[in-house]
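J.: just to be clear, the model below is a prediction. Sequence and coordinates:
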2 protein chains.
Amino acid sequence: MGTTQLETAPEPKYWHLRTVLSEALDSEFAVGEILPNERELAARFGVARATLRQALEQLELEGRLQRRRGVGTTVAPPRVGVAVDPARHTWPGAPGDDWQPQDATATETVPAAVARILETAPGDRVHIVRRSRVTGGQPVAAELLYVPSVLVPGSTAVASLSAPARARAVLNALQERELDGQDRTVELGSARAEDARQLDRLPGAPVLVVTTRYVSAGRPAAVAVATYRADTCRLTFGESDAVAVLAG
Amino acid sequence: MGTTQLETAPEPKYWHLRTVLSEALDSEFAVGEILPNERELAARFGVARATLRQALEQLELEGRLQRRRGVGTTVAPPRVGVAVDPARHTWPGAPGDDWQPQDATATETVPAAVARILETAPGDRVHIVRRSRVTGGQPVAAELLYVPSVLVPGSTAVASLSAPARARAVLNALQERELDGQDRTVELGSARAEDARQLDRLPGAPVLVVTTRYVSAGRPAAVAVATYRADTCRLTFGESDAVAVLAG
DNA sequence: CAGTGGTCTAGACCACATT
DNA sequence: ATGTGGTCTAGACCACTGG
């Protein structure tokens, strides 16, 4: 504040507010500190609460703030660097990966986008493994892994196991095969109800959707759709040794 | 509409609306088609315009809709697959890449995050190259490339050239060196004023920020910060031949 | 010019976490 | 019970696009 502005093209209030708050966060607040509540902040800046909230939303999207209903708004720590492909050319569920198997089910109806990537025909049976990824005590990602049942021997016996054991059984079946390669896409999405619960967020929260296709014997053998919390995560790629600096 | 709901856990109106609209988009609208205006839609669903807008925002975030002030809301085409690293192990500006050099300037003040990655000391002179990426006639990304001036011979003569020529001069200087490797992070951000203009969006629009570090002779030689339109882009990674399917 | 989406207001009530 | 952020309303005006 205090800088006289020429106002050639009037800036929206919420955008200006975002900038002011962002600078205040840099200089006057420590990580984890609780901000004044929204009604108080709105009054202090002389704007409606809705306008103030628009600015806070921006800052939350940028990972600067964390808001929790019933609690308050706190200054967020820097985003966590999450390696998307820690060990290249391994199947999901390989020893030492950061994912925790939760459950596995079988179905014949998969999302159209997944069926297209897997190159399955309508009616083909597919195993779905649900996994979650935890870093530093916080859940950062939820994943659905789709594997054609053709690739999972003994599918019938699997049903009698506990949920995590069922998931591991499917993952173990993959390790037996040779992995030709994998490719990936990253896009922005919004958390579905189930993912939101798992990520400790509200439905619609912004997530980074990482879709990985695993190829074996020249054909797609599995598709993983992982949703990472966009507010708290920075995805890292690249040579394993070089990545350390960026992951900071 | 018309479905009686049990309302076990009351769903927010805007979220339900998002679902209803999403299904309507799948079944009743074609790509490019113009939706009724917001006041009309709000009235039709019996909600306030703000609530309707909240649902539209979600759908725009997911790349289903495109809204333009003064024009209307249209059904968006599927997201474009954009290869982030088409040719591995090449410098930015290598022959055949998809970026158009726009300008280059020199400065001694770079963002703290960039200085940390580049391992430059305060006061070190750095060249900044601005480039843009266009796919299918639409701008999809804007990039700032930071190169320590130490690596750019003849920095003084450069000033007399045209803007794009200055940019190319810096890029050409890079090609001379050996590239050891590169690593990358992807995170969610919001478009700054300048990027927003370049991407034909409003300030604050969601973007995928791709930060690439180029290593030469064991030291970071350049850092590229590219902001992709999150609503229209799907970033693709991986083996060049395998990526074709996902990029669809 | 009329019509669109974008911004902003001043309220109200709800869901949730903490005390 | 209190206080927080989340949802929702019914208006108003602004900025931009197009004919």
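T.: Received, thanks. Numbering: from 1, shown residues only, chains lettered A, B, ... in the order given.

J.: got the CA coordinates for the helix ranked longest in chain A in PDB?
T.: Assignment by DSSP state H gives helix A:13-28 as the longest helix of chain A. Extracted as PDB, the C-alpha positions of helix A:13-28 are listed here (Å, rounded to 0.1, in the frame of the first residue of the first chain):
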ATOM      1  CA  LYS A  13     -10.400  -5.600  -6.000                       C
ATOM      2  CA  TYR A  14      -9.900  -9.200  -5.300                       C
ATOM      3  CA  TRP A  15      -6.800  -9.400  -7.400                       C
ATOM      4  CA  HIS A  16      -5.300  -6.400  -5.800                       C
ATOM      5  CA  LEU A  17      -6.200  -7.900  -2.400                       C
ATOM      6  CA  ARG A  18      -4.500 -11.100  -3.400                       C
ATOM      7  CA  THR A  19      -1.300  -9.200  -4.100                       C
ATOM      8  CA  VAL A  20      -1.400  -7.300  -0.800                       C
ATOM      9  CA  LEU A  21      -2.100 -10.400   1.200                       C
ATOM     10  CA  SER A  22       0.600 -12.300  -0.600                       C
ATOM     11  CA  GLU A  23       3.100  -9.700   0.400                       C
ATOM     12  CA  ALA A  24       1.900  -9.600   3.900                       C
ATOM     13  CA  LEU A  25       2.300 -13.400   4.100                       C
ATOM     14  CA  ASP A  26       5.900 -13.100   2.900                       C
ATOM     15  CA  SER A  27       6.800 -10.500   5.500                       C
ATOM     16  CA  GLU A  28       4.600 -10.600   8.500                       C
END
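
J.: now it: buried residues?
T.: Along helix A:13-28, these residues count as buried under the neighbour rule (16 or more other Cβ atoms under 10 Å in any protein chain shown): A:13, A:14, A:15, A:16, A:17, A:18, A:21, A:25. Bear in mind the C-beta positions are built from the backbone N, C-alpha and C, glycine included.

J.: stretch A:105-122 now?
T.: The neighbour-count check on stretch A:105-122 (16+ other Cβ under 10 Å) flags A:106, A:110, A:114, A:115, A:117, A:118, A:120 as buried.

J.: what strand or helix carries the last one?
T.: This means residue A:120. Using DSSP states H and E, residue A:120 sits within no helix or strand.

J.: that one against residue A:109, yeah?
T.: No - Residue A:120 is beyond contact range of residue A:109, at 10.8 Å (criterion: Cβ atoms under 8 Å).

J.: just to revisit the earlier point, as TSV, the buried residues of helix A:13-28 with pLDDT and distance to residue A:225 would be great.
T.: Converted to TSV, the buried residues of helix A:13-28 look like this (pLDDT from 0 to 100; distance: Cβ to Cβ, whole Å):
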residue	pLDDT	distance to residue A:225
A:13	97	38
A:14	97	33
A:15	96	34
A:16	97	38
A:17	97	36
A:18	97	32
A:21	98	34
A:25	97	33
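
J.: quick one: residues contacting residue A:129.
T.: A:92, A:101, A:103, A:104, A:144, A:145, A:147, A:167, A:170, A:171 (Cβ atoms under 8 Å, 6 or more residues apart in numbering or on different chains).

J.: in three-state terms, label it for me.
T.: What DSSP: H, G, I helix; E, B strand; the rest coil gives for residue A:129 is strand.

J.: likewise the one 10 residues further on?
T.: Three-state secondary structure (criterion: three-state DSSP) places residue A:139 in strand.

J.: go on, residue A:95?
T.: coil.

J.: what about it, neighbour count?
T.: Under the neighbour criterion other Cβ atoms under 10 Å in any protein chain shown, residue A:95 is assigned a count of 7.

J.: so for it, what's the pLDDT?
T.: On pLDDT, residue A:95 comes in at 87.

J.: quick check: it vs residue A:172, distance?
T.: 11 Å (Cβ to Cβ, to the nearest Å).

J.: do residue A:24 as well
T.: 52 Å.

J.: and for residue A:230?
T.: Residue A:230 is 32 Å from residue A:172, by Cβ to Cβ.

J.: of those two, who's got more company?
T.: residue A:230 (29 against 12).

J.: report the contact partners of the more buried one.
T.: A:61, A:188, A:205, A:206, A:207, A:208, B:187, B:188.

J.: quick one: secondary structure of the fifth one?
T.: Classification of residue A:207 using three-state DSSP returns strand.

J.: per-residue pLDDT, it?
T.: Reported pLDDT for residue A:207: 96.

J.: does it have beta-bridge partners, and which?
T.: residue A:189, residue A:229 (DSSP bridges).

J.: residues contacting it?
T.: Contacts for residue A:207 were tallied using Cβ under 8 Å, 6+ apart; they are A:188, A:189, A:190, A:191, A:195, A:199, A:227, A:228, A:229, A:230.

J.: would you confirm that the second one contacts residue B:58?
T.: So the one you mean is residue A:189. No - in this structure, residue A:189 is not within contact of residue B:58 by Cβ under 8 Å, at 10.1 Å.

J.: pretty sure residue A:205 is touching residue A:188, no?
T.: No - using Cβ under 8 Å, residue A:205 is not in contact with residue A:188, being 11.4 Å away.

J.: higher neighbour count, those two?
T.: Taking neighbours as other Cβ under 10 Å, residue A:205 and residue A:188 compare with residue A:188 leading, 24 against 19.

J.: what's the spacing between the closest residue to the more buried one other than its chain neighbours and residue B:221?
T.: Nearest non-adjacent residue to residue A:188, counting by Cβ to Cβ, 6 or more residues apart in numbering or on different chains: residue B:230, 4.1 Å away. Distance of residue B:230 to residue B:221, given as Cβ to Cβ: 28 Å.

J.: between the contacts of residue A:129, which sits nearest DNA strand D?
T.: residue A:144 (23.6 Å; Cβ to the nearest atom of the strand).

J.: beta partners for the closest one?
T.: Here residue A:144, judged by DSSP bridges, has bridge partners residue A:130, residue A:225.

J.: give me the pLDDT value at the residue nearest to residue A:188.
T.: Taking residue B:230 on its own, its pLDDT is 96.

J.: could you check how far it is from residue B:194?
T.: Distance from residue B:230 to residue B:194, by Cβ to Cβ: 17 Å.

J.: need the contact partners of stretch A:31-51.
T.: By Cβ under 8 Å, 6+ apart, stretch A:31-51 touches A:13-14, A:17, A:20, A:29, A:52-53, A:56, A:65, A:72-77.

J.: please repeat the previous calculation with a cut-off of 7 Å.
T.: By Cβ atoms under 7 Å, 6 or more residues apart in numbering or on different chains, the surrounding residues in contact with stretch A:31-51 are A:13, A:14, A:17, A:52, A:53, A:72, A:73, A:74, A:75, A:77.

J.: and residue A:217, how far from DNA strand D?
T.: 46 Å (Cβ to the nearest atom of the strand, to the nearest Å).

J.: er, residue A:29 I mean
T.: Separation of residue A:29 from DNA strand D (Cβ to the nearest atom of the strand): 13 Å.

J.: wait, what's in contact with that residue?
T.: Residues in contact with residue A:29 (Cβ under 7 Å, 6+ apart) are residue A:75.

J.: per-residue pLDDT, it?
T.: Note for residue A:29: predicted pLDDT of 96.

J.: residue A:156 now?
T.: 59.

J.: if we can go back for a sec, return a PyMOL selection command for the buried portion of the contacts of residue A:129.
T.: Per 16+ other Cβ under 10 Å, the buried members of the contacts of residue A:129 correspond to this PyMOL selection:
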select buried, chain A and resi 92+101+104+144+145+147+167+170+171
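
J.: could you identify the most distant pair in the contacts of residue A:129?
T.: A:92 and A:103 (14.5 Å; Cβ to Cβ).

J.: stretch A:47-61 near DNA strand D at all?
T.: Yes - contact of stretch A:47-61 with DNA strand D (Cβ under 7 Å from any atom of the strand) involves A:49, A:50, A:53.
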